[in-house]
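1. make a model of this:
(one chain, ligands or ions: 1)
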Amino acid sequence: MERVQANGEVFGQQQAEAALLSDQEKDMLQDTWAVVFQNSEAAGVAVLTRLFVKFPSSKKYFKDFQHMEDPEEMAQSTQFRKHAVRVINGINTLVENIHDATKVASVLKLVAKAHALRHKVDPVYFKIIGGVILEVLLEAFPDTFHPAEVQGAWSKLMGVLYTHVTRVYAELGWV
Ligand code: HEM
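-> This is a model prediction of the structure:
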């Protein structure tokens, strides 16, 4: 979808979303993410553990540990650890390219397509994981993530993630 600005320029939806984040917020995302990425494996495991414990229905997509209850046992699974790395690397690519709206859109398109077509993941879980990421980052790195403007920037990024993903799902005819 496109909007026409007052000056007559066509302002694409993707650019509109990226514009929701100010340049200052984009810089803030990059600075705060650096702290997380230094601990990327632990961060990925913490995010997925919280997701699967708090929202156990999200385990159903992972055949290797869908039957497990014990988070420590789950976290031993290769499938779990692989996905933890993929989630963190995905966020890393978004943050690294946050000043490039076209790249952000293309990365999220690939993620959405794989999850919709190959893994048949309900898009609501992308909203859920966004909330979980915010929660876990605040708990694990309170000094970095406490300021309201940092939380605001991260909420917007999770909004960008969810909006892009659901748009691609809709384009693919997901109902
Ligand atoms: C920021 C969010 C996420 C990112 C960046 C991400 C990233 C990825 C990537 C890169 C892959 C490999 C894609 C492929 O098969 O080509 C993958 C696989 C997968 N993802 Fe995600 N993912 C995210 C969220 C989720 C959520 C919320 C769920 C479900 C609750 C999920 C379920 C799966 C499953 C079931 C697979 C296949 C696992 C396997 O076969 O080992 N993902 N993910």
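2. which residue does the chain have closest to the ligand?
-> The nearest approach of the chain to the ligand comes at residue 90, 2.4 Å away (CB to the nearest ligand atom). C-betas here are computed from N, CA, C, even on glycine.
3. what sits against that residue?
-> 107, 111 (CB atoms under 8 Å, 6 or more residues apart in numbering).
4. quick one, phi/psi of it?
-> phi -60, psi -50 (degrees, to the nearest 10).
5. can you tell if stretch 62-78 touches the ligand?
-> Yes: Stretch 62-78 is in contact with the ligand by CB under 6 Å from any ligand atom, via residue 62.
6. residues of that stretch that come out buried?
-> If you call a residue buried by 16 or more other CB atoms under 10 Å, then stretch 62-78 has these buried ones: 62, 65, 68, 74-75.
7. which one among the residues you listed gets closest to residue 43?
-> residue 75 (12.9 Å; CB to CB).
8. so what's the residue count around the nearest residue in space to that closest one that is not next to it in sequence?
-> Spatial nearest neighbour of residue 75, excluding adjacent residues (CB to CB, 6 or more residues apart in numbering): residue 45 at 5.5 Å. Residue 45 is flanked by 19 other residues according to other CB atoms under 10 Å.
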